[in-house]
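[1] predicted model follows, preceded by the sequence.
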Amino acid sequence: MRPKISQNNLAGLLQLAGLDLEKNAVQRIESGQRFVTDIELKKLAQVLGVSIEELLR
């Protein structure tokens, strides 16, 4: 089981990885109100330590 991460912490990790997303954008992605670009998907997988395929499941 993976440890939980807050939306704010995820936004911070993404910013450190070079992707400028704020907590509100992370929240909209999580709730399905915002689409994710291919670049964002790659960075999300990178900072979460999972494969892109795992995120798409």
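    Done, it's in. Small disclaimer: the values here were computed from a predicted structure and weren't measured.

[2] ramachandran coordinates for the residue most central in space within the chain?
    For the chain, the residue nearest the mean C-alpha position is residue 44 (3.8 Å; CA atoms, centre = their mean). Torsion angles at residue 44 (phi, psi; degrees, to the nearest 10) stand at phi -60, psi -50.

[3] okay, it: pLDDT?
    Looking at residue 44, its pLDDT reads 96.

[4] isn't it right next to residue 37, touching?
    No. Look at residue 44 against residue 37 with CB atoms under 8 Å: they stay out of range, at 10.2 Å. The way it works is simple: take the backbone N, C-alpha and C, and place the C-beta from them, glycine included.

[5] number of nearby residues for residue 37?
    Residue 37: 9 surrounding residues under other CB atoms under 10 Å.

[6] just residue 4 next, same as before
    6.

[7] check which helix or strand it maps to.
    For residue 4, there is no host helix or strand (DSSP states H and E).

[8] which phi and psi values does it adopt?
    phi -80, psi 150.

[9] how close does residue 3 get to residue 10?
    12 Å (CB to CB, to the nearest Å).

[10] tell me who's in contact with residue 22.
    Counting by CB atoms under 8 Å, 6 or more residues apart in numbering, residue 22 touches residue 11.

[11] make that residue 38, sorry
    No contacts exist for residue 38 under CB under 8 Å, 6+ apart.

[12] for residue 28, same thing?
    In this structure, residue 28 makes contact with residue 34, judged by CB under 8 Å, 6+ apart.
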